[in-house]
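Participant: Whatever this is, show me its structure:
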Amino acid sequence: MTKVTRLPDRHVHKELTVNVELNGDFDETYLTGDNRKVVATDTIRNTIYVLAKKHPIDSIESFGIILVNHFCDNYRQVRDATCKIEERRWERIVVSGKPHPHAFVAAGPETRNCCVTRLETVDIQVESAIAALEVLKTTDSAFVDFVRDEFTTLADAPDRIFATKIEALWHYSGSDHDWNAVYASIRQALLETFAAHNSLSVQQTLYAMGQAALAACADIHSISLTLPNQHRIPFNLAPFGLENNNDIFVTTSEPYGEIHALITRE
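Facilitator: From the prediction side, this is the model:
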């Protein structure tokens, strides 16, 4: 769904993919075909659009909370509701040095995500995430002194390109936060640490990024990070009488190592 909020001086554009899952007293439709308690997917779809019209979408987390509360409060047979939202990033086009009020450019594959769950106990749990945030730096990255055996062909790389696609998922303590401020703070902490960290391995940098995210935001109690190691391999220029001075590389998408860790507060 797309929502355009038309303010006097600018338009605010939101583009979301919304998934709602309901759990509850639906046994009879499976056992006998009795559909009297089933909330049709058509109804769920229409509800999402109507609530998007009625409420400002200040953040995907706040909209997710509105949706799960609606389905749990309005249908007695619904015990738990989960709402997953993916927001595609758009940036204002700069014209004559100023952000345009109603023209946008896609900001690449990166998305902002969240998962909001309301349980039967009326407890609301919120997770937020960044997906497909592509980053690269051309130095301050190395990988040496790893295990070597008869199957090892990889050479030490004391100075290499470090490219990855950040996937981050964090868990909140409670469900009342400035969602946009938290998101911006964690995203900036991840990017700044990636850029500034003198990396001896992807693992070391991943851990430093996780520590920085926890330090930047007291509202979260853990963060899960996945960094696929997207290789740039030096191209062999010797057959052409040229030397590769760490400047010409083959860009590869596969195979790659996927580095993952969960960092939590003590």
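
Participant: Distance from the longest helix seen in the chain to the middle of the chain?
Facilitator: Determined from DSSP state H, the single longest helix within the chain is helix 179-196. Here helix 179-196 is found 12 Å from its chain centre; the criterion is CA atoms, centre = their mean, to the nearest Å.

Participant: So which bits of the helix or strand just after it are buried?
Facilitator: Per DSSP states H and E, the first helix or strand lying C-terminal to helix 179-196 is helix 202-216. Neighbour counts over helix 202-216 (16 or more other CB atoms under 10 Å) mark 202, 203, 205, 206, 207, 208, 209, 210, 212, 213, 214, 216 as buried. Where you see a C-beta, it was placed from the backbone N, CA and C, and this is true even at glycine.

Participant: what ranges do the helices span in the stretch 1-150 of the chain?
Facilitator: For the stretch 1-150 of the chain, applying DSSP state H, counting those that start in this stretch gives helices covering 27-31, 41-54, 60-74.

Participant: According to the record, where do the domains of the protein fall?
Facilitator: 2-122, 132-264 (automatic domain parsing).

Participant: what's the average pLDDT for the last one?
Facilitator: Averaging the model's pLDDT scores along domain 132-264 yields 96.

Participant: ditto for stretch 10-26
Facilitator: Taken as a whole, stretch 10-26 has an average pLDDT of 97.

Participant: And that stretch, what's buried?
Facilitator: Residues of stretch 10-26 classed as buried by neighbour count (16+ other CB under 10 Å): 14, 15, 16, 18, 20, 22, 24, 26.

Participant: can you redo those as TSV with distance to residue 178?
Facilitator: Shown next, in TSV, are the buried residues of stretch 10-26 (distance: CB to CB, whole Å):
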residue	distance to residue 178
14	18
15	22
16	19
18	22
20	24
22	29
24	32
26	36
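
Participant: Sitting in strands, which of these do you find?
Facilitator: 14, 15, 16, 18, 20, 22, 24 (DSSP state E).

Participant: In those residues, find the pair that's most separated.
Facilitator: Using CB to CB, the pair of these lying farthest apart is 15 and 24, separated by 30.2 Å.

Participant: Give me the below-cutoff pLDDT ranges for the stretch 1-150 of the chain.
Facilitator: Filtered on pLDDT under 70, the stretch 1-150 of the chain yields no residues whatsoever.
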